[in-house]
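In: let's see this in three dimensions:
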Amino acid sequence: MIFESSMQLWITHNGEREKLRFPVLPTKFDVTHGTKNTSVTISGLGEILVLQDRAAVEVSWDSFFPAAYFPGIQTPFMLSSPDAMIQRLFEWKISAKPVHLILTGTRVNFYAAIQSLQPYRKGGDPGSIYYKIKLKEYREVRIRQVKVSSTGTATVSGGSTRTDNRVQAKTYTVKPGDCLYNISKSTLGDGGRYNEIYSLNKDKLKNPNLIYPGQVLQLP
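Out: Okay, here's the model as predicted:
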């Protein structure tokens, strides 16, 4: 897949409340469309192909989280620390909830599980973290119920088709001397995410610079 500079690569989580836009587009984006079709041999007929539902799509790419701005970076005004971004991906990986993968301008827009994440560092580029990541498409299991009336009419009903990747809300009780930046740094590992805390608590925080001991804040 060829990338264009106008494309944006995102992973979101927790009902779109938590978002990560990748600052550097990879040079290559691998998409694998597998198949589960099987061949069987029947006496007198020979080999026949049994068509089945398609296998889950797998995507993978290599890139890096830069330690400093450089021309062409995708997120010049919201550059979080590389360690914080890797930590966030690991948290989503082990959350037991799928993430939402989006590559604008393409058909890559689906829920997926982070199968593997391999961060590493390179000499000559202090502070930056390089990584390899692989995701596999997640599809919701839907169980349909069939009800047959006394007249013999069958009605089929099923559950919601929308994937729910929300996680149980986490909270923090404000202590004397706290500020949103310090709360974000101590609980999320990245002080730069204080705006996410503010966005989740606008109903009780009129000013992000004014918080009071005893307030209970929802965390992303």
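In: in the host helix or strand of Tyr130, which residues are buried?
Out: Using DSSP states H and E, Tyr130 falls within strand 129-137. Buried residues in strand 129-137, counted by 16 or more other Cβ atoms under 10 Å: Ile129, Tyr130, Tyr131, Ile133, Lys134, Leu135, Lys136, Glu137. Just so you know, the C-beta spots here come from the backbone N, C-alpha and C atoms, and that holds for glycine as well.
In: helix/strand/coil for the residue nearest to the second one when sequence neighbours are not counted?
Out: In other words, Tyr130. Of all residues not flanking Tyr130 in the chain, Phe64 sits nearest, at 4.2 Å (Cβ to Cβ, 6 or more residues apart in numbering). Put simply, Phe64 is strand when judged by DSSP: H, G, I helix; E, B strand; the rest coil.
In: check the closest residue to Ile73 other than its chain neighbours and give its pLDDT.
Out: Residue nearest to Ile73 in three dimensions, not counting chain neighbours: Pro23, with 5.3 Å by Cβ to Cβ, 6+ apart. Model confidence at Pro23, expressed as pLDDT, equals 92.
In: ok, Pro23 - how many residues close by?
Out: 22 (other Cβ atoms under 10 Å).
In: Pro176 now?
Out: Neighbourhood size, Pro176 [other Cβ under 10 Å]: 7.
In: the chain should start at 4 in everything you say after this.
Out: Renumbered: residue one is now 4, and that last one reads Pro179.
In: contacting residues for the closest residue in space to it that isn't next to it in sequence?
Out: Leaving aside its sequence neighbours, Pro179 sits nearest to Pro216 (Cβ to Cβ, 6+ apart; 4.9 Å). Counting by Cβ atoms under 8 Å, 6 or more residues apart in numbering, Pro216 makes contact with Val177, Lys178, Pro179, Asp181.
In: and those as JSON lines, adding distance to Lys205 and secondary structure?
Out: What follows is those, written out as JSON lines (distance: Cβ to Cβ, whole Å; DSSP: H, G, I helix; E, B strand; the rest coil):
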{"residue": "Val177", "distance to Lys205": "15", "secondary structure": "coil"}
{"residue": "Lys178", "distance to Lys205": "21", "secondary structure": "coil"}
{"residue": "Pro179", "distance to Lys205": "23", "secondary structure": "coil"}
{"residue": "Asp181", "distance to Lys205": "18", "secondary structure": "coil"}
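In: farthest-separated two in those?
Out: Val177 and Pro179 (8.3 Å; Cβ to Cβ).
In: can I assume Lys31 is in contact with Trp64?
Out: Yes. Applying Cβ atoms under 8 Å, one finds Lys31 in contact with Trp64, separated by 6.5 Å.
In: please say which of those two ends up with more neighbours.
Out: Between Lys31 and Trp64, counted using other Cβ under 10 Å, Trp64 has the larger neighbour count: 21 against 11.
In: ok, the more buried one to Ile200 distance?
Out: 30 Å (Cβ to Cβ, to the nearest Å).
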